[in-house]
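*Asks:* below are the sequence and a predicted model; questions follow.
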Amino acid sequence: MKKIIFCFVFFLGYFPALFSQKQNNKPAETPSLPTAKETEVLVRKLNIDSAVTGKHTAIIKGQRVLYTVTAGTIPVWDENDKPIAGVFYTYYERTDVSDRSARPLVISFNGGPGTPSVWMEIGYTGPRILKIDDEGFPVQPYGIKDNPYSILDVADIVYVDPVNTGFSRPVNKEVPRTKFFGVNADIKYLAEWISTFISRYKRWASPKYLIGESYGTTRVSGLALELQNAQWIYLNGVILVSPTGLGIERGGVMDAALLLPYYAATAWYHKMLPADLQQKDLTTMLPEVEKFAVNEYLPALARGGSLSETERNQVAAKVARYSGLNIKAVLQNNLSITTNFFWKELLRDKGYTVGRLDSRYLGVDKKDGGERPDYNAELSAWLHAFTPAINIYLRDELNYTTDLPYNMFGNVFPWDNENNRTGENLRQAMAQNPNLYLLVQSGYYDGACDYFNAKYNMWQIDTGGKLQHRMTWEGYRSGHMMYLRKADLFTSNQHLRDFILRTIPTQGEGAKYGRGEGRGEK
């Protein structure tokens, strides 16, 4: 999000002289159109360094919270200390706090990589959230309401929109796109921007946390190390919401095996599992699938064509049992089920597809045949709900004035994915900083960043098991944006609140190994 201000041009029109009207009977002249030079200043233009602040009140967990919101832009500087972009942010700061040095600061990103922080700002942790129904589906009239579960009671929050998302923009088209659009370029310039933000708002003493969703988890995992090593900013916590693969090596057979628990969760939700599995609670049933996926399914996929017909049929029967698909479809796909095929196949006979980011959502395709859905049912619903709400909120409630469009999905391509070592970066940051803890949040029905792959990340980040006591995983009965379901909005925010409060070091406690290392555990 960026604060952008247009340049306005005032034109001199034709004004007849009041007292000479009777003496001059010539018809009024047609006002002249602006010249080409004059129209140049009418181009929508970004103010790269500006802010507007307002005072607000919220009731959070029954407590009255006074706060300010600042919506604005802070420049991105190049190696010659010249501005090359303006990054838009909204900063929520509780005002009835006596000691700002002890007040946690949460720095929030979303993903894409071309999306702004709208999703978590007005969907999850902010004090104002969009109007949706209890399961997360859009309702009209559009608008904003209070969020009684926001974490603003325990931490200040800044939501950051990377370049070309929200209102954020480069200063001009001549700035190389490579400055922003890549795994490591993104991390580098945002780390510098965070340092500027912390200095301007005097937050160097505060406990600091990064939270990222989807590609934002790649971003904050890399930032954890970049902030330490290049900006000398040491964090207390990193929160990964619906994490990506974080650059951790996987293979074809590994990908297929790790997806099976997600398939089982989705099939359970849609009541497509055998009766004995269906009658179990979701979290009671899933450990059985996870065990099969790692101990039997993965080795079978690795063996490939060397499996005997009997062995192949036995594995196929179990995959069908846990995925809700028929055994014929499993065998026809050589035991390996792609996500696109699963989303199309599970409810094919009922005339529906299931959503990619949240498989509770149903879609209707032109044809029941085919190997993939026509569209992402859940994303259409989310854009329907979020786009009007964020524009209403920023423009009407926070009084941020601009004609620039708010980019829900900005152009950040080509995106350079080379040398993605963000999972390893996070491990290094945790190893170097004994005060750094990790919380991972996943929705069981997320097929893009599935929950079992999130667990696998944690195993592979710390293969020696020395950091596991500083890692916590939480699961929710919803999808990619678990907070859109009202029950999970409460639970997931409470998990954030608890994590922040328990990972703030005791006053005067040294940051070293061998003391209080269980603080991050529940």
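*Replies:* Yes, it's here.

*Asks:* quick one, helices of the stretch 51-200 of the chain?
*Replies:* Using DSSP state H, counting those that start in this stretch, the helices of the stretch 51-200 of the chain run over residues 118-120, 183-200.

*Asks:* so which elements touch the first one?
*Replies:* Using 3 or more C-beta pairs under 8 Å, 6 or more residues apart in numbering; DSSP states H and E, the elements in contact with helix 118-120 are strand 208-213, helix 377-391. Yep, even glycine has a C-beta here, placed from its N, CA and C like the rest.

*Asks:* list the buried ones in the helix or strand following the last one?
*Replies:* Tracing the chain past helix 377-391, the next element assigned as helix or strand by DSSP states H and E is helix 422-432. Of the residues in helix 422-432, those buried by neighbour count under the rule 16 or more other C-beta atoms under 10 Å are 422-430.

*Asks:* and the angle from the helix or strand that comes right after helix 422-432 to helix 422-432?
*Replies:* As assigned by DSSP H and E, the chain's next helix or strand after helix 422-432 is strand 437-443. Counting by axes from the mean of the first three to the mean of the last three C-alpha atoms, to 10 degrees, strand 437-443 lies at 150 degrees to helix 422-432.

*Asks:* ok, which stretches of the stretch 101-250 of the chain are strands?
*Replies:* 105-109, 128-130, 144-146, 156-161, 169-170, 208-213, 237-241 (DSSP state E, counting those that start in this stretch).

*Asks:* what average pLDDT does the fifth one get?
*Replies:* If you average the pLDDT over strand 169-170, you get 96.

*Asks:* ok, residues contacting that strand?
*Replies:* 2, 4, 46, 84-86, 163-164, 179-180, 404 (C-beta atoms under 8 Å, 6 or more residues apart in numbering).

*Asks:* could you redo the last one with a cut-off of 10 Å?
*Replies:* 2, 4, 44-46, 48, 73, 76, 83-88, 161, 163-164, 175-177, 179-180, 404, 407, 410 (C-beta atoms under 10 Å, 6 or more residues apart in numbering).

*Asks:* what's the closest of the helices and strands packed on helix 118-120 to Lys55?
*Replies:* Lys55 lies closest to helix 377-391 among these, at 20.8 Å (C-beta to C-beta).

*Asks:* got the buried residues for that closest one?
*Replies:* Burial within helix 377-391, assessed by neighbour count using 16+ other C-beta under 10 Å, is assigned to 377-379, 381-382, 385-391.

*Asks:* same check on stretch 267-283?
*Replies:* So stretch 267-283, judged by 16+ other C-beta under 10 Å, has buried residues 267-270, 272-273, 277.

*Asks:* now swap in stretch 286-305 and tell me
*Replies:* Of the residues in stretch 286-305, those buried (16+ other C-beta under 10 Å) are 286, 289-290, 292-294, 297-298, 300-301.

*Asks:* where does the protein dip in pLDDT?
*Replies:* 1-43, 515-522 (pLDDT under 70).

*Asks:* what's the single longest strand in it?
*Replies:* strand 63-77 (DSSP state E).

*Asks:* mind listing what Arg303 touches?
*Replies:* 253, 311-312, 315, 335.

*Asks:* out of the residues you listed, which end up buried?
*Replies:* 253, 312, 315, 335.

*Asks:* follow-up on the earlier one: out of the buried residues of stretch 267-283, which one sits closest to Tyr476?
*Replies:* For the buried residues of stretch 267-283, the nearest to Tyr476 is Tyr269 (12.6 Å; C-beta to C-beta).

*Asks:* contacting residues around the closest one?
*Replies:* So Tyr269 contacts 282, 324, 354, 359-360, 444-445, 477-479 (C-beta under 10 Å, 6+ apart).

*Asks:* whichever of the residues you listed end up buried, select them in ChimeraX.
*Replies:* The ChimeraX selection below is limited to those of these classed as buried (16+ other C-beta under 10 Å):
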select :324,354,359,360,444,445,477,478,479
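
*Asks:* so Glu509 touches Asn236, yeah?
*Replies:* No: the criterion here is C-beta atoms under 10 Å, and Glu509 misses it with Asn236 at 11.7 Å.
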